[in-house]
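Enquirer: Coordinates for the following, if possible.
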Amino acid sequence: MGHGHAIGRAAGLVLAASMALAGCSPEDPTAQPLPSPTTAVGNSGTDTPSEALTGTPSAPVASPAPDGPADAAAPSPSSTAGLLPAADGPPPTRGPVRLERWFDRELSGSGLRIGRLREQTSEYRSYNVSYRSQDHRISGVLNVPQGRGPFPAVVLAHGYIDPAIYVRGQGMPRERRALAASGFIALHVDYRNHAASDYDPALQRTFRLGYPVDVVNAVNALRATDEVPVDDDRIALMGRSMGGGVVYKALEMAPGLTEAAVVWAAVSSDEADNYRQFARPSPFWNYVDDRWGPPDENPDFWKGISPDQHFNRITEPVLIVHGTADTTCPPRWASHTARAMERAGVPAVLKWYEGEGHTFGAAFDQAMARTVRFLDNRLG
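Expert: Okay, the predicted model is just below:
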């Protein structure tokens, strides 16, 4: 259905504290990458779709496979994925890299292809998928509730995992499964330069702004397909850690595209905070320092790529979930984001998990139950 679904702004922001033990989703640290899919979904773009998901799956039922090691919020010093190859010369100087340059562009997501069946339970089926995001094919994992639908949908933006070790669907498996078990289609986006997604040599030159483009286009691809029984008018975004920042930027790139958003343990909406917390000698941060410099030397650049400068563009209600003992993404970041959203008139709510660190554990079910209630209320 329609591309823009604007939601009225709420008059203020509710800042509430919720007492609980813990909250996000650690994964099996001994997990191994998934075996190669029986239907190829990858860079070649030659994967063939199965029949629509309202029918009987053609692939054999696969047992659940581990999703890989826990994701990390801080960029790994070893990561080189997405860097401009040396043969392509020095960084470009044509125009500044600013978040607003991506605002209101015609972002095209289409061509959702269903690959092999990964997992089947009494509540949902899980598939390898790919879709077209601008000029790139992006891989991911799709969980679809059992039944005819149509179902509301949530597009998932995962936290930082070194692309050199990242495997398809890694980072938010429990969120994906919990959402599907609660009646939501859940589409996990791998992002460009991850897993079987296409390689984008410009990714780092644009400060990874291709990630929110891929999330926006995942929503567009869901709306464009007849293969998945999705309710076009009930789609939301959810991100954790780095993926929370990706969600903020996606909401600003395409206001009104979705009906709600949820962020867990998100990075700061002020990119200067993220630089101070995570920058270290590494290919990515060395590139950033050489190209743009640190925040104290080039504050205009860091403001220009920070979502907190553009929260007035967000029309969707936002649920912010954060632990009070998070040392990776400090609680003050969530407070800053909540206050900035309040000033911008964003209908947002901040929920605290007392004593919880960056990765949610014991309180995961409670936090997911709150997330599902929020989505049920906002998506109808």
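Enquirer: and the nearest residue to residue 240 once chain neighbours are set aside, bridged to which residues?
Expert: Distance criterion Cβ to Cβ, 6 or more residues apart in numbering; nearest residue to residue 240, sequence neighbours excluded, is residue 264 at 4.2 Å. C-beta here means a position set from N, CA and C on the backbone, and glycine is covered the same way. Taking DSSP bridges, one obtains residue 240, residue 321 as the residues bridged to residue 264.
Enquirer: Residue numbering should commence at 500 henceforth.
Expert: Let's use 500 as the start, then, which means that last one is residue 763.
Enquirer: Make sure residue 763 is actually in contact with residue 743.
Expert: Yes. Between residue 763 and residue 743 there is a contact under Cβ atoms under 8 Å: 6.7 Å.
Enquirer: pLDDT at the residue nearest to residue 739, what is it?
Expert: Residue 763 carries a pLDDT value of 98.
Enquirer: can you map out the strands along the protein?
Expert: Using DSSP state E, the strands of the chain run over 513-517, 608-619, 623-632, 635-644, 650-656, 684-688, 729-739, 759-763, 817-822, 847-852.
Enquirer: The ones you listed: which one's closest to residue 707?
Expert: strand 650-656 (11.9 Å; Cβ to Cβ).
Enquirer: what's the distance between that closest one and the middle of its chain?
Expert: Using Cα atoms, centre = their mean, to the nearest Å, the distance from the centre of strand 650-656 to the centre of the chain it belongs to is 10 Å.
Enquirer: Show me what counts as buried in it.
Expert: Neighbour counts over strand 650-656 (16 or more other Cβ atoms under 10 Å) mark 650, 651, 652, 653, 654, 655, 656 as buried.
Enquirer: That one packs against which elements?
Expert: Strand 650-656 sits against helix 672-680, strand 684-688, helix 709-723, strand 729-739, helix 741-752, helix 863-878, with contacts defined as 3 or more Cβ pairs under 8 Å, 6 or more residues apart in numbering; DSSP states H and E.
Enquirer: quick one: contacts of that strand?
Expert: Strand 650-656 is contacted from outside by 643-644, 671, 674-675, 678, 682-688, 690, 710-711, 714, 717-718, 721, 727-730, 733-739, 742-743, 745-746, 749, 757, 761, 874, 878, using Cβ atoms under 8 Å, 6 or more residues apart in numbering.
Enquirer: what's around residue 634, how many residues?
Expert: 9 (other Cβ atoms under 10 Å).
Enquirer: Same check on residue 599?
Expert: Per other Cβ under 10 Å, the neighbour tally for residue 599 reads 14.
Enquirer: ok, back up a step: out of the strands of the chain, the one nearest residue 786 is which?
Expert: strand 635-644 (20.4 Å).
Enquirer: What number of residues are in the vicinity of residue 597?
Expert: A count of nearby residues for residue 597, using other Cβ under 10 Å, gives 18.
Enquirer: before we move on, what about the one 4 residues further on?
Expert: By the measure other Cβ under 10 Å, the count of residues near residue 601 is 20.
Enquirer: Residue 603 now?
Expert: 11.
Enquirer: so what's the residue sitting nearest the centre point of the chain bridging to?
Expert: The chain has residue 656 as the residue nearest its centroid, 1.1 Å off, counting by Cα atoms, centre = their mean. Applying DSSP bridges to residue 656 yields these beta-bridge partners: residue 688, residue 738.
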